[in-house]
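Trainee: here's a sequence, model it:
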Amino acid sequence: MLLNCDLGESFGNWQMGLDELVMPHIDQANIACGFHAGDPLIMQQTIALAKKHDVQIGAHPAYPDLQGFGRRSLQCSSAEIIAFVHYQIAALDGMAKMQDVEISYVKPHGALYNDMMVNKEIRAAIMQAIAEFYRPIALMLQATPEFKQYQQQAKKYDLTLLAEAFADRCYDDDGTLLARTQVDAVHNTDKMLAQVKQLKKDGTVTTINGKNLRLNPDSLCVHGDNMNSVNAIEKIKALLAG
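Mentor: Predicted coordinates:
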């Protein structure tokens with residue numbers, strides 16, 4: 001099970017995350033492409049940092065919502081979604097080529113990710129956009145009990161999917177993440193490490209109501225917003241390597 005993290009989310013003088021401290025401990029970097037965060041210089045620096053630590057690079061496209069950090073759903077047509085996903089992954093791919101590295105997957109950000117998980121048409125538009133890229137790259141999306149349905153949809157586009165689980169989030173019984181507004185939606189360190197151990201051992205999580213839910217993720221999402229998060233990533237990395 002690999003570790004992925006959303007990085008490159010600074011913008012100009014505004015700093016977000018501790019990318020230099022996080023990068024040595026992860027396997028996959030989801031790099032912002034300028035629509036919710038990031039700018040050309042930040043993208044360039046984050047790619048260089050990933051290359052230094054031999055970390056896979058993934059495009060992290062979003063709705064065109066810089067003011068809202070990509071966390072607001074926008075009413076966009078399928079054609080618009082395809083176009084702005086093309087625009088963002090092409091931008092990161094071009095920047096990566098300048099440093100002789102390649103992107104290997106796409107993980108949508110924020111509201112676009114959430115909308116993709118619940119709306120088949122939005123998911124189809126994203127799949128089509130990635131499938132039309134000039135070479136094969138994968139789509140990362142949330143591991144849920146419906147993952148086989150996503151795979152069936154992806155077959156139409158000859159697209160590889162990467163299943164993602166979350167280290168620090170509590171799951172509802174249907175496989176969705178418990179809303180952050182609810183109590184215990186975000187695990188403390190002990191519960192987070194226990195969830196990682198369970199995922200490593202048998203590919204399952206225990207939901208808010210005690211149900212065992214099989215996810216079998218390919219990658220585990222971690223966060224590097226502060227020093228506590230960085231310390232948690234180090235513990236997770238050691239646990240997975242043990």
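Trainee: could you pull up the contacting residues of the spatially most central residue of the chain?
Mentor: With distances taken as Cα atoms, centre = their mean, Lys107 lies nearest the centre of the chain, 4.6 Å away. Going by Cβ atoms under 8 Å, 6 or more residues apart in numbering, Lys107 touches 4, 6, 30, 58-60, 113, 139-141, 164. For glycine as for every other residue, the C-beta is placed from the backbone atoms N, C-alpha and C.
Trainee: helix, strand or coil: sort out the nearest residue to Leu49 once chain neighbours are set aside for me.
Mentor: Computed as Cβ to Cβ, 6 or more residues apart in numbering, the closest residue to Leu49 that is not its neighbour in sequence is Met23, at 5.0 Å. Judged by DSSP: H, G, I helix; E, B strand; the rest coil, the three-state class of Met23 is helix.
Trainee: what separation do you get for Met23 and Lys237?
Mentor: Applying Cβ to Cβ, to the nearest Å, the value for Met23 to Lys237 is 12 Å.
Trainee: mind checking which of these two has more residues around it?
Mentor: Shown here are Met23 and Lys237; by other Cβ atoms under 10 Å, Met23 has more neighbours (20 against 17).
Trainee: before we move on, what's the pLDDT of that one?
Mentor: In this model, Met23 is scored at 95, pLDDT.
Trainee: can I assume it is in contact with Ala50?
Mentor: Yes - the pair Met23 / Ala50 is scored as a contact, 6.4 Å apart, by Cβ atoms under 8 Å.
Trainee: common neighbours of these two, please.
Mentor: Common neighbours of Met23 and Ala50 (Cβ under 8 Å, 6+ apart) are 7, 29.
Trainee: may I have the lengthiest helix in the chain as CSV, with CA atoms only?
Mentor: What stands out as the longest helix in the chain, according to DSSP state H, is helix 78-97. Coordinates of each C-alpha in helix 78-97 appear next as CSV, following Å, rounded to 0.1, in the frame of the first residue of the first chain:
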residue,chain,number,x,y,z
SER,A,78,-19.2,17.6,-19.4
ALA,A,79,-17.4,19.4,-22.2
GLU,A,80,-16.2,22.1,-19.7
ILE,A,81,-15.0,19.4,-17.2
ILE,A,82,-13.1,17.6,-20.0
ALA,A,83,-11.5,20.8,-21.2
PHE,A,84,-10.3,22.1,-17.8
VAL,A,85,-9.0,18.6,-16.7
HIS,A,86,-7.1,18.5,-20.0
TYR,A,87,-5.7,22.0,-19.4
GLN,A,88,-4.5,21.2,-15.9
ILE,A,89,-2.9,17.8,-16.5
ALA,A,90,-1.3,19.1,-19.7
ALA,A,91,0.2,22.0,-17.7
LEU,A,92,1.7,19.7,-15.1
ASP,A,93,2.8,17.2,-17.7
GLY,A,94,4.6,19.9,-19.6
MET,A,95,6.3,21.3,-16.5
ALA,A,96,7.3,17.7,-15.5
LYS,A,97,8.8,17.1,-19.0
